[in-house]
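>>> A predicted structure for the sequence below; I have some questions about it.
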Number of protein chains: 2
Amino acid sequence: MTVGEVERPGWRKGVTLRDVASDSGVSVTTVSRILNGRESGIPIRAETRTRVLEAAARLGYTPNLLARGLRGSRSSLLGVIARDISDPFHLQVLRGINEVARAREYRLFLGHVDYRAEVAIAYGSMFERSHADGIIVIGDLEGGDPALDILSQQHRYVVGVTDRTGRRQVPGVYGDSVSGSMLAMEHLWSLGHRSIVCVSDARTYDGRRRIEVYREFMERHGAAEHIAVHITDPEPAPSYELGTRLFSDGAMGGASALYATSDTTAFGLMKAAFEAGIAIPDQLSIVGYDDIDLAAYTIPPLTTISQSGVEMGRLAGDLLFDMITRQAQREDVADVVLTPKLVARQSTAAAGR
Amino acid sequence: MTVGEVERPGWRKGVTLRDVASDSGVSVTTVSRILNGRESGIPIRAETRTRVLEAAARLGYTPNLLARGLRGSRSSLLGVIARDISDPFHLQVLRGINEVARAREYRLFLGHVDYRAEVAIAYGSMFERSHADGIIVIGDLEGGDPALDILSQQHRYVVGVTDRTGRRQVPGVYGDSVSGSMLAMEHLWSLGHRSIVCVSDARTYDGRRRIEVYREFMERHGAAEHIAVHITDPEPAPSYELGTRLFSDGAMGGASALYATSDTTAFGLMKAAFEAGIAIPDQLSIVGYDDIDLAAYTIPPLTTISQSGVEMGRLAGDLLFDMITRQAQREDVADVVLTPKLVARQSTAAAGR
DNA sequence: CGCTTATCGTTTAGCGCTTGACGATAAGCG
DNA sequence: CGCTTATCGTCAAGCGCTAAACGATAAGCG
């Protein structure tokens, strides 16, 4: 360590295995074995072990994770590709993943994609080049399947967290949008609503799937006239604007209930309804989807379909780790499908009050 | 590549510099120089260059980022330590950071701390061991300064995004809570409110600072009785409960306005007020802080103090990159202080309506 | 007493990449 | 024609770590 040496960014304390080895008078290999070798194999004298352990502690040795990743078969790196972390539900998933990763001392790469498939692919290859042990994709991507095809080709261990997509390209943790939507529709139907409007997000597979279930439900029940509307984002802004139009020019066609395929969408619609002087739930019932934290704090509290994002994130992490440790083939891994629940709050009421 | 070889997780395509070198008939060194050597230095014949470039493209070579990080002086890795990503404001900051990191082809490590200082420190050392080039800390940590002390000791390039803390330990991008709180208070005062309650989050420095400004303001204006209340979380749940108590047993002491030091806190209070039959803004004015996306969609829309999280994240990233490339000393770096703005919506009105 | 068997550790090799030091060839010059 | 100078590239070292292969010493055994 001469003075004129090139300084690297950050302070490398520079305590390496070699330092510990020379300090305790054994070889680098021995130190490595003692510090993290599995018990099976070469035995080490207890005296040597404690001496090395002591030296490591005294010098404050910390392993260089980069070197370990380069050498070893595991990098302890996980890539997370998130469609949109602004979506509260996806954020919960991220928290769940973070939790299990932390428990296993894995580091998490975050890639926020903002719906763009090509960004997702770029992150995928970046994570691959970083030797990430696995990749989790939260939410389906715009353009959908082709992007996931590429991603699943780039990397062996890919897990999805989303609605069940058309083709099953990778294993994953899925919320069952079909049964969730059925719950929402049956809830409204049983309350006596016969004219129901559905507002969904056209950008995501989930949104498209849910509105599809809505259509089928309405047809099967012979509800002649039904209106299904797509918006472009699961955010309050576009749905609020849509709501303003919907409620002003009679575009609702006398509908008494609204099924919004995400809670944030419901928020925008509720506000538009309020401004149009439409009382919820007296004149209009509304059901959301996701049960995000704020759903219980709207006025009135939102009836919605609940799926625990944190839990799904945890399960996705577990699934991925399981695949990695078992070196499982994609085909041998069973999906985890969570059945959502209906959380009835005060935004829905019997029709014709 | 024998058949029985140990398989590593993920599919290593295994196209290395050596493969490209042997394919194009030059040395590994030359390939490395051509692919990413700076122009200065050893010249390369154009014919050789194109030949190598072609081979690299044909074989689909991608650099091993782990190896590069190990060898080189830069890892292209950034650590983000986030107090709480569930906080919409912090999430925006994260998005801003993600944006600039992506533009520079940096990978982002995410560490979600959930307020625990020891977790933050654990992430700090993990990122350090991963040779992260820099670290960004979003939000102050519980216990505050000591944790940041350790963090700033572990790593040379640390940047904070938060309110300005007591001691200045690391450079950062700061929202000016003092002027923000002043805006909020002056707004209420100028509307004629004299009895104002402040609800803040005791857990964060921001919350404590803002309530302090509130106290000073009230004292300076000779507002004899003022009530300042702390809650334990910037979430709607605890503030809702607090609100229920506050509005029921006359604990408000006839106050006509409320200053909530975060929007989510305001949400909980608004709901409690609604349920207690208190009309906003007719009987009670309320001001929030942060101007998160949903603030415009509450009923009524929330008057709040606006600071752009995305912008702050971007600035923090820029600041950090600037420090790294300039190899700047911490003391030579100027903070970026953003002055918040008041966004007047409909949750506030003149007193005594 | 020469042999195997356990015990405890070291030597060696190499992950994929970068970089300073070192050829080797051809041209330029007095 | 011997010398410098420019041009184009290779060699060797090493980042810090892991793991297979290989000693070396002492004890156990017929």
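All right, it came through fine. Numbering: from 1, shown residues only, chains lettered A, B, ... in the order given.
>>> any weak-confidence spans in the stretch 51-200 of chain A?
For the stretch 51-200 of chain A, the stretches flagged by pLDDT under 70 are A:143-144, A:164-166.
>>> Can you name the residues in contact with stretch A:280-289?
Outside of stretch A:280-289, the residues within contact range by CB atoms under 8 Å, 6 or more residues apart in numbering or on different chains are A:180-181, A:184, A:187-188, A:191, A:193, A:210, A:255-263, A:265-267, A:269-270, A:273-274, A:278, A:295, A:300, A:302-305, A:346-349, A:351, A:353. C-beta here means a position set from N, CA and C on the backbone, and glycine is covered the same way.
>>> and that stretch, how far from the chain's centre?
Mean-position distance between stretch A:280-289 and its chain equals 27 Å (CA atoms, centre = their mean, to the nearest Å).
>>> With adjacent residues omitted, what lies nearest to residue A:75?
Closest residue to residue A:75 apart from its sequence neighbours, by CB to CB, 6 or more residues apart in numbering or on different chains: residue A:69 at 3.7 Å.
>>> hang on, that neighbour packs against residue B:66?
Yes - between residue A:69 and residue B:66 there is a contact at 4.9 Å, judged by CB atoms under 8 Å.
>>> on that earlier part again, pull up the gap between the residue nearest to residue A:75 and residue A:51, please.
As judged by CB to CB, to the nearest Å, residue A:69 and residue A:51 stand 28 Å apart.
>>> try residue A:122
49 Å.
>>> same deal with residue A:178?
Residue A:178 is 63 Å from residue A:51, where distance means CB to CB.
>>> got it, and residue A:219?
Counting by CB to CB, the gap from residue A:219 to residue A:51 is 77 Å.
>>> more crowded one of the two?
Between residue A:219 and residue A:51, counted using other CB atoms under 10 Å in any protein chain shown, the more crowded position is residue A:51 (16 against 11).
>>> Quick check: buried residues in the host helix or strand of the more buried one?
For residue A:51, the element it lies in under DSSP states H and E is helix A:46-59. By 16 or more other CB atoms under 10 Å in any protein chain shown, the buried positions in helix A:46-59 come out as A:51, A:52, A:53, A:55, A:56.
>>> As a markdown table, these with distance to DNA strand C would be great.
Shown next, in a markdown table, are those (distance: CB to the nearest atom of the strand, whole Å):
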| residue | distance to DNA strand C |
| --- | --- |
| A:51 | 8 |
| A:52 | 9 |
| A:53 | 12 |
| A:55 | 13 |
| A:56 | 14 |
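>>> show me which of those neighbour DNA strand D.
Checking those against DNA strand D by CB under 7 Å from any atom of the strand, not one of them is in range.
>>> From these, pick the one nearest chain B.
Among the buried residues of helix A:46-59, residue A:56 lies closest to chain B (CB to the nearest CB), at 13.8 Å.
>>> Check the spacing between the closest residue to that closest one other than its chain neighbours and residue A:14 real quick.
Nearest residue to residue A:56, sequence neighbours excluded (CB to CB, 6+ apart): residue A:20, at 4.9 Å. Note on residue A:20: its distance to residue A:14, by CB to CB, is 12 Å.
>>> And those two? Which one has more around it.
Shown here are residue A:20 and residue A:14; by other CB under 10 Å, residue A:20 has more neighbours (26 against 9).
>>> who are the neighbours in contact with residue A:321?
The contact partners of residue A:321, by CB under 8 Å, 6+ apart, come to A:100, A:104, A:134.
>>> Please narrow these to those residing in helices.
Among the contacts of residue A:321, the ones falling in helices (DSSP state H) are residue A:100.
>>> Between the contacts of residue A:321, identify the one with the most neighbours.
Greatest neighbour count in the contacts of residue A:321, by other CB under 10 Å, goes to residue A:134: 24 neighbours.
>>> is it true that that one touches residue A:320?
Yes - assessed by CB under 8 Å, residue A:134 is found in contact with residue A:320 at 4.6 Å.
>>> so what sits against both of those two?
Common neighbours of residue A:134 and residue A:320 (CB under 8 Å, 6+ apart) are A:78, A:157, A:159.
>>> Compute the number of surrounding residues for the second one.
Read it as residue A:157. 27.
>>> The residue lying closest to it once chain neighbours are set aside and DNA strand D, how far apart?
Excluding its sequence neighbours, the residue lying closest to residue A:157 (CB to CB, 6+ apart) is residue A:134, at 3.8 Å. As judged by CB to the nearest atom of the strand, to the nearest Å, residue A:134 and DNA strand D stand 18 Å apart.
>>> Next, the contact list for residue A:134, please.
Residue A:134 makes contacts with A:78, A:79, A:155, A:157, A:158, A:159, A:320, A:321, A:323, A:324, B:9, B:10, as judged by CB under 8 Å, 6+ apart.
>>> how about a cut-off of 6 Å?
Contacts for residue A:134 (CB atoms under 6 Å, 6 or more residues apart in numbering or on different chains) come out as A:78, A:157, A:320, A:324.
>>> With distance to DNA strand D as added columns, please give the residues you listed in JSON lines.
Shown next, in JSON lines, are those (distance: CB to the nearest atom of the strand, whole Å):
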{"residue": "A:78", "distance to DNA strand D": "18"}
{"residue": "A:157", "distance to DNA strand D": "19"}
{"residue": "A:320", "distance to DNA strand D": "21"}
{"residue": "A:324", "distance to DNA strand D": "15"}
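>>> Okay, and which of these map to helices?
Reading helices off those with DSSP H, I get A:320, A:324.
>>> Next, count neighbours for residue A:249.
As a burial measure, residue A:249 scores 8 neighbours (other CB under 10 Å).
>>> nope, residue A:238 is what I was after
Other residues near residue A:238 number 17, with proximity taken as other CB under 10 Å.
>>> can you give me the strands in the stretch 151-300 of chain A?
For the stretch 151-300 of chain A, the strands defined by DSSP state E, counting those that start in this stretch occupy A:158-163, A:172-175, A:196-201, A:227-231, A:257-260, A:285-287.
>>> right, and these - which one's nearest DNA strand C?
Closest approach to DNA strand C among the strands of the stretch 151-300 of chain A (CB to the nearest atom of the strand): strand A:158-163, 20.9 Å.
>>> Need the residues that contact the closest one.
Under the criterion CB under 6 Å, 6+ apart, residues A:93, A:135-140, A:151-152, A:170-173, A:177, A:205-206, A:209, A:312, A:316, A:319-320 lie in contact with strand A:158-163.
>>> returning to that earlier point: closest to residue B:231 among the shared contacts of residue A:134 and residue A:320?
Nearest to residue B:231 among the shared contacts of residue A:134 and residue A:320, counting by CB to CB, is residue A:78 at 34.5 Å.
>>> Distance-wise, check the closest one relative to residue A:260.
Applying CB to CB to residue A:78 and residue A:260 gives a distance of 33 Å.
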